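Any chance you could fold what I've pasted below:
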Amino acid sequence: MESRPFILFVDDEQAILDGLFRSLSAMDEPWNMLFSTSGTQALELIARHRIDVIVSDLRMPGMDGAELLATVRRLSPETTRIILSGCSEREVPYQTVGPAHQHYTKPCSSVKLSEAINRALAVRRRLRSPEVLSLVSGTKSAPTVQKSLADLFAEIQSPRGSAASVARIIERDIGLTAQLLKFANSGFFRVAAPISDAAHAARLLGLEIIRALFVMGKTFETFRGPGIDIRIVNRLQERSLVIGLLARRIAAAEGMPNQVVEQAQCAGMLAHIGSLLLLNAMKDKVKDIADELDISGGVITDVERKVLGVTHADCGAALLDLWGFPSAVVEAVLFHHEPSQRGGQSCVTALTAVHAAQALVKFSTTQLGQPKVLLAALDGDHLRQSGTLDHVGSWGQIARSVLAGAG
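Here you go, the predicted structure:
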């Protein structure tokens, strides 16, 4: 029988902790709740218990929330880290973007906080491998290529720089896109609806805030490890950009609402963020997977499960879920190779568009004009359930147009 998870709440005001205890106890969640009035006391509890989720205030005397969560990230990387703060200063998010997976502002309803905690626990259950769970939860951000950062700062400092031009640079890099959207959707900005578009996020934040995010937050790791072929990284990122654009075009052609169209592009661009994560941390095993695929020509997710016990889709979705991305984006990333596994899918969604896009980008121009060939690479059960079996030909034509433009 699975043991009850431990949730640790940290706040220097006892009255806040008492209120959390009363409201969350009334919801009868299946958790063990621990409470601490200081960072030092919290670390003592972490030494004695396996903490699944920590929810901490930011402004506390002595060790503040940012320092506490940074320490927790080092000592217990598998623990999900959430900031719950009453601070409103614009500079507050910068110091917590790295240590915290999610940010919420006070007052925060017990329902909203409970949902955030349960979502974090669902991520833990989704990943069976403790090593991969530690890898995902301990990641400050997606890795990025150093040239992307250099281009970004040059554009921000340019007198001709604009939110649109900065967004174009960010959209070329999976890691930069993920981190920008994570920040823009944090609770500090109180956005009316989830933001799934880098250009929208850049307009919302402004150039100076973006500069502060990437300079002060120090959120990005780069591919410095020996043996990593940067050409593979570049190809993966270029393909991800095309998948995002193609998913957007397919979603628009299917008449999806604008918000869903944006989510399809976001999920398409981030569908292989888990591949970057695995490449950066497990390059030898990733090479074994590539070698087996070259020999067997099998399905990548099947080989990943065999070698790693987890797929790039699992890792990517878990990372995005921890960062608080919309559930539609997380689900599209998680099931983009196997959409029928989601279950209950009887309509066309962002997942449909992303699944189609990631498959169609692999075909030649000639093959894209052959619907029967394309159908063999798609999840037929999902297409039948969503009523899109006869849409594949038009998707192929859209793909030909997108790939011609990308070339």
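
C-alpha only now, for contacts and for neighbours.
Will do.

distance of residue 41 from residue 35?
9 Å (CA to CA, to the nearest Å).

After the helix or strand containing residue 245, which helix or strand is next?
Per DSSP states H and E, residue 245 falls inside helix 230-253. Sequence order places helix 258-270 as the next helix or strand after helix 230-253, per DSSP H and E.

Pull out the buried residues from that following helix.
Buried residues in helix 258-270, counted by 16 or more other CA atoms under 10 Å: 260-270.

which other helices and strands contact the following helix or strand past it?
Next along the chain after helix 258-270, taking DSSP H and E as the criterion, comes helix 273-281. Applying 3 or more CA pairs under 8 Å, 6 or more residues apart in numbering; DSSP states H and E, one finds that helix 273-281 makes contact with helix 312-322.

Sticking with residue 54, tell me its helix or strand.
Per DSSP H and E: strand 51-56 holds residue 54.

List of residues touching that strand?
5-11, 65, 69, 78-85, 117, 120-121 (CA atoms under 8 Å, 6 or more residues apart in numbering).

redo that, cut-off 7 Å
5-11, 65, 79-84, 117 (CA atoms under 7 Å, 6 or more residues apart in numbering).

Now compare these and name the two farthest from each other.
With CA to CA as the measure, no two of those lie farther apart than 5 and 65, at 21.6 Å.

Looking at these two, which is more packed in?
Neighbour comparison, residue 5 and residue 65: the larger count goes to residue 65, with 28 against 15 (by other CA atoms under 10 Å).

list the contacts for that one?
Counted by CA under 7 Å, 6+ apart, residue 65 has contacts 56-59.

Most neighbours among the residues you listed, please name it.
Result: residue 56 is most packed of the contacts of residue 65 (other CA under 10 Å), 30 neighbours.

distance of the closest residue to residue 80 other than its chain neighbours from residue 249?
For residue 80, ignoring the flanking residues on the chain, the nearest one in space by CA to CA, 6 or more residues apart in numbering is residue 53 at 4.6 Å. Going from residue 53 to residue 249 by CA to CA gives 38 Å.

What of residue 64?
From residue 64 across to residue 249, the span is 46 Å (CA to CA).

Next, count neighbours for residue 354.
Neighbours around residue 354, by other CA under 10 Å: 34.

Looks like it contacts residue 247 (just checking).
Yes. Using CA atoms under 7 Å, residue 354 is in contact with residue 247, at 5.0 Å.

Just the pLDDT at residue 41, thanks.
Looking at residue 41, its pLDDT stands at 96.

How is it assigned, secondary-structure-wise?
helix (DSSP: H, G, I helix; E, B strand; the rest coil).

change the start of the numbering to 13 and stick with it
Got it, the first residue is 13 from now on, which makes the last one we talked about residue 53.

Next, count neighbours for it.
13.

do the same with residue 28
14.

do residue 413 as well
14.

What's the separation between it and residue 209?
When residue 413 is compared with residue 209 (using CA to CA), they lie 22 Å apart.
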